[in-house]
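task: produce atomic coordinates for the following.
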Amino acid sequence: MSEDPKNYYERRLMRDIEEIDDRIKELTAEKHALRRLLIKARWENSTLKDVNRKNSATRVMVEVRIMEALKGATKPISSKSLYNEALKASFELKENTFRTYLHRMKEKGVLESAGWGLWRLSQKNTIS
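From the prediction side, this is the model:
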């Protein structure tokens with residue numbers, strides 16, 4: 001009795017799909033490891049050497065990205081645009097955490113709301 005060619009072909013395709021899924025998982029893990037190394041390299045090359053906690057370093061890098069984006073802007077920038085900019089400093093940054101960073105910066109007087117979902121540097125910061 002020989003095996004049905006359709007069953008063999010289907011099993012072969014399923015095995016190939018599983019192998020591809022395994023390779024995707026491996027490549028994704030490698031990509032995340034490289035991103036962590038990139039963040040570490042940015043951290044070490046920046047002025048963050050005195051920051052001890054990883055979360056603090058991430059926050060500082062995100063805040064620096066936000067400040068750089070706002071310094072170069074001629075008009076207020078949306079939260080979404082600032083979030084996209086912040087992702088360059090921390091690819092795993094969650095939106096809720098990002099909003100917390102924005103509000104901390106607002107409380108410190110670094111930036112201010114310029115309308116619904118829009119931000120600009122505080123007038124105190126632009127004078128100096």
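
residue boundaries of the strands in the protein?
77-78, 111-113, 118-121 (DSSP state E).

where does this protein have low pLDDT?
1-3, 40, 43-55, 125-128 (pLDDT under 70).

how is it carved up into domains?
1-45, 52-127 (automatic domain parsing).

residues in contact with Y83?
93, 95, 98 (C-beta atoms under 8 Å, 6 or more residues apart in numbering). Any C-beta I mention is one placed from the backbone N, CA and C, and that applies to glycine too.

please tabulate these in a markdown table, including the columns distance to L82.
Shown next, in a markdown table, are the contacts of Y83 (distance: C-beta to C-beta, whole Å):
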| residue | distance to L82 |
| --- | --- |
| L93 | 11 |
| E95 | 11 |
| F98 | 8 |
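
can I have the buried ones of those as a PyMOL selection?
To isolate the buried ones among the contacts of Y83 in PyMOL, judged by 16 or more other C-beta atoms under 10 Å, type:
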select buried, resi 93+98
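
coming back round to it: among the strands of the chain, which is nearest T58?
Evaluated over those, closeness to T58 peaks at strand 111-113, with 18.3 Å, by C-beta to C-beta.

out of the domains of the chain, which is the most enclosed?
Highest mean neighbour count of the domains of the chain: domain 52-127, a mean of 15 (counted as mean count of other C-beta atoms under 10 Å).
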